[in-house]
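1. What would the 3D arrangement of this be:
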Amino acid sequence: MTSTTPSYAQYCPISRALDVLGERWSLLIARDLFLGTTRFNDLARGLPGLSRSLLAKRLRQFERAGLVAKLGTEYVLTEAGRDLEPILFGLGEWGARWTFGEPRPDERDAALLVWWMHNRLDTTQLPGRRQVLAVRFTDDPRRFWIVVEAGAASVCETDPGYPVDVTISADVAGLYEVWLGRLPLTHAQHTGRVRFIGPHAVTRRMPDVLRLSPVAGYVRATTQQARAS
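-> Okay, here's the model as predicted:
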């Protein structure tokens, strides 16, 4: 693997790894690639603080380093890229234990949360070929719709014109904490921080539809340990 970025110039495998992955945004791009985002525009949408020019630069660096291969319009992880799994989730586990808490105001990005959620829905138990979930935040005026057609999900910020199966109503911080495993969904529902509005036959399935963040298990375990101590 080679790179044109400045090197730490230390003969050490940690140093060599940081030559490839140590720059700002690199690991978050790798995270999203590992979680299945492959197209440039989708990567950009999931990393709203990252400029498109810097994203393109980082992806070129990943290509040169052998972490990704560009196949048509998609960036696909190579074997070297897939081997980042224990590093990424190890960081997630460490962060859940030592750096995590309530979301700060600058972290309460409603649009980003809905974007993350749309890739983790399992609507196989819901009827029909198309399912539409409306997301309404009690503390953010923006309106979102998640449309799932034949298993493919998309996010709309204007009304797609389809009947809504379920409306998810929540405050931004509350839904973030549920999504990341810090707040049990049952507790959030009991306290009214998260509500599912629609036919009971559909709303009762929502805990199974909303598959949580891939790091939610680490956060949940850490939170439970803290409460027990």
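2. what about the helices in this structure?
-> 13-21, 26-34, 40-46, 52-65, 79-82, 85-98, 110-118, 172-179, 185-190, 200-203, 206-209, 216-228 (DSSP state H).
3. In the third one, which residues are buried?
-> Counting neighbours by 16 or more other CB atoms under 10 Å, one finds that the buried residues in helix 40-46 are 40, 42, 43, 46. (C-beta placed from N, C-alpha, C; glycine too.)
4. From the recorded domain assignment, give the ranges for this structure.
-> 13-99, 110-214 (the TED database).
5. Could you give the separation of stretch 209-228 from the chain centroid?
-> 15 Å (CA atoms, centre = their mean, to the nearest Å).
6. ok, and for the longest strand seen in the chain, which residues are buried?
-> Longest strand of the chain, by residue count under DSSP state E: strand 140-149. Of the residues in strand 140-149, 140, 144, 145, 146, 147, 148 count as buried by neighbour count, 16+ other CB under 10 Å.
7. Take the residues you listed and lay them out in JSON lines including distance to residue 193 and pLDDT.
-> Formatted as JSON lines, those follow (distance: CB to CB, whole Å; pLDDT from 0 to 100):
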{"residue": "140", "distance to residue 193": "14", "pLDDT": "98"}
{"residue": "144", "distance to residue 193": "17", "pLDDT": "98"}
{"residue": "145", "distance to residue 193": "21", "pLDDT": "98"}
{"residue": "146", "distance to residue 193": "19", "pLDDT": "98"}
{"residue": "147", "distance to residue 193": "25", "pLDDT": "98"}
{"residue": "148", "distance to residue 193": "24", "pLDDT": "96"}
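8. Considering these, which is situated nearest to residue 129?
-> residue 148 (9.3 Å; CB to CB).
9. who's in contact with that closest one?
-> Residue 148 makes contact with 121, 123, 130, 131, 132, 133 under the criterion CB atoms under 8 Å, 6 or more residues apart in numbering.
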